[in-house]
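# Build me a structure from this.
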Amino acid sequence: MTSDTPDFSQGAAFVEGRYVPAREARVSILDWGFTRSDVTYDVVHVRDGGFFRLDDHLDRFERSLAGLRLVPPHARAAIAAILDRCVALSDLRDAYVAMICTRGRPRVFGSRRPADCDNLFSAYAIPWIDVIPPDVQARGAHLHIASVPRIPAASIDPTMKNYHWGDLTRGLFEAHDAGADTAVLLDAEGFVTEGPGFNVFMVRNGEVLTPDRGALEGITRRSVLELCALTGVPARLAPLRREDLLSADEMFCTTTAGGVMPVSRVDGHIMGNDAPGPLSLRLKQLYWQKHAEGWHRTEVNYTGAGTMPAA
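Residues are numbered from 1 along each chain as shown. Just a heads-up that it's a prediction; the model follows:
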C-alpha cells in the first residue's frame, strides 16, 4: 500500500458521493442530522462474507424514510450496491454495516423549513460489533431496569430507527452505576419497551415473550420469532411489566450487532443458577447455525472492490 492508497482496513464509508476510510468520514456541523437529530438509519450485519436479511433491513429503512419524510438521493438498488461496496473495499468478512439519511443542510442559510434541506445519504462498514461483549454473553448479561422512562411513542415513533438516545443514555449511566452491564427501559405506564440497541425477550413456563409496544420491530427479534415457529416453541408479543421480568425463568436480548444474547440477572432476580438458560442457548445456537446454512443470505461481491472512485 502506498501513501496515496486509502487504508480501508478498519472500514470504509460513503459520504457525499465518495468512498473514504471510515475513520475519515465526516458530517457537516450544519447538517440537521447533527443539530436536531433529524435522521434515520438502519444497520445490517455481514457474517462470513454474506449480508443477513439485507432486503428486510432495506424495507425497514424505506419505512423509516417515509415516516420521517426523508428522500435520499439514491434509489434502493443503488443503496444496496453502496453497502456492498463499503464491505468489499474494507475486505471485511464479519462487519457492522450502517445506512444513514440525514435531513442535510438548508439550501437557504438560516432557514427553519425542513423542505429547504437537501437530504444526505451516508453509509459505512466497520469490523463486527457486539452490543453486549461475548464474555458477558457467555456468563449472561446483568440488566438494570432503569428509572428513566422511554420517550413516548407518540413523540418519537420507536419503530423508526433514530438517534434520540437521551433516555437510553441515562439508563446506561444508571445501569453502570448499579454495577450492571446494560439497561432496559419501561414506558410511562410501566410497560417494558427495549434497551439501548436491543430488543428484550423473557421465557416463562416454556413460552417466549417479547414486549408488544414501545420498541423497534427488530430484524433479529423477527428471526427469533420465526425460529420459535420452526421449532415448535410457543412465542408471542405480550404486554410485559417490571414484575414479569423479575419472575422470568430466562431472559435474552436480540440485536443485529450480537444476535441472541443471554441474560442471567435482572436487578436482584437471578435466573438459571446465574447462567444463560437452556432455551436462550438453544435459540442462540440455532440462530448462528441458520446463518451457516445460508438462511436469508446475500453474498458480498468482493471482486473489483479496489476500483476507485465511487460508483
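
# How about residue 102, nearest residue that isn't a chain neighbour?
residue 33 (2.7 Å; Cβ to Cβ, 6 or more residues apart in numbering). C-beta here means a position set from N, CA and C on the backbone, and glycine is covered the same way.

# how about the strands in the stretch 51-200 of the chain?
For the stretch 51-200 of the chain, the strands defined by DSSP state E, counting those that start in this stretch occupy 95-102, 120-127, 141-145, 182-184, 199-204.

# nearest to residue 24, of those strands?
strand 120-127 (10.6 Å; Cβ to Cβ).

# mind exporting stretch 222-231 as CSV, just the C-alpha atoms?
Output of stretch 222-231 as CSV, limited to C-alpha atoms (Å, rounded to 0.1, in the frame of the first residue of the first chain):
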residue,chain,number,x,y,z
ARG,A,222,-38.3,-11.3,14.0
SER,A,223,-35.7,-14.0,13.3
VAL,A,224,-36.2,-15.4,16.8
LEU,A,225,-39.9,-15.5,16.5
GLU,A,226,-39.5,-17.4,13.2
LEU,A,227,-37.1,-19.8,14.8
CYS,A,228,-39.5,-20.4,17.6
ALA,A,229,-42.2,-21.2,15.0
LEU,A,230,-39.9,-23.5,13.1
THR,A,231,-39.1,-25.5,16.2
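
# Give me the buried positions along it.
223, 224, 225, 227, 228 (16 or more other Cβ atoms under 10 Å).

# JSON lines for these, including pLDDT and secondary structure?
Compiled in JSON lines, the buried residues of stretch 222-231 are given as follows (pLDDT from 0 to 100; DSSP: H, G, I helix; E, B strand; the rest coil):
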{"residue": "223", "pLDDT": "98", "secondary structure": "helix"}
{"residue": "224", "pLDDT": "98", "secondary structure": "helix"}
{"residue": "225", "pLDDT": "98", "secondary structure": "helix"}
{"residue": "227", "pLDDT": "98", "secondary structure": "helix"}
{"residue": "228", "pLDDT": "98", "secondary structure": "helix"}
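
# Identify, from the residues you listed, the entry nearest to residue 217.
Looking across those and measuring by Cβ to Cβ, the closest to residue 217 is residue 225, at 10.6 Å.

# Surely the closest one and residue 235 touch.
Yes - here residue 225 reaches residue 235: they are 5.4 Å apart, a contact under Cβ atoms under 8 Å.

# Now do the shared contacts for those two.
Shared contacts of residue 225 and residue 235, defined by Cβ atoms under 8 Å, 6 or more residues apart in numbering, are found at 208, 210.

# Identify, out of the strands of the stretch 51-200 of the chain, the most deeply packed stretch.
strand 182-184 (a mean of 26; mean count of other Cβ atoms under 10 Å).

# Tell me the strands beside it, with direction?
strand 141-145 (parallel) (DSSP bridges).

# so residue 14 is in which element?
strand 12-15 (DSSP states H and E).

# Give me the buried positions along stretch 167-175.
So stretch 167-175, judged by 16+ other Cβ under 10 Å, has buried residues 167, 168, 170, 171, 172, 174, 175.

# repeat for stretch 296-306
Neighbour counts over stretch 296-306 (16+ other Cβ under 10 Å) mark 296, 297, 298, 300, 305 as buried.

# Next step: those restricted to strands.
Among these, the residues falling in strands (DSSP state E) are 297, 298.
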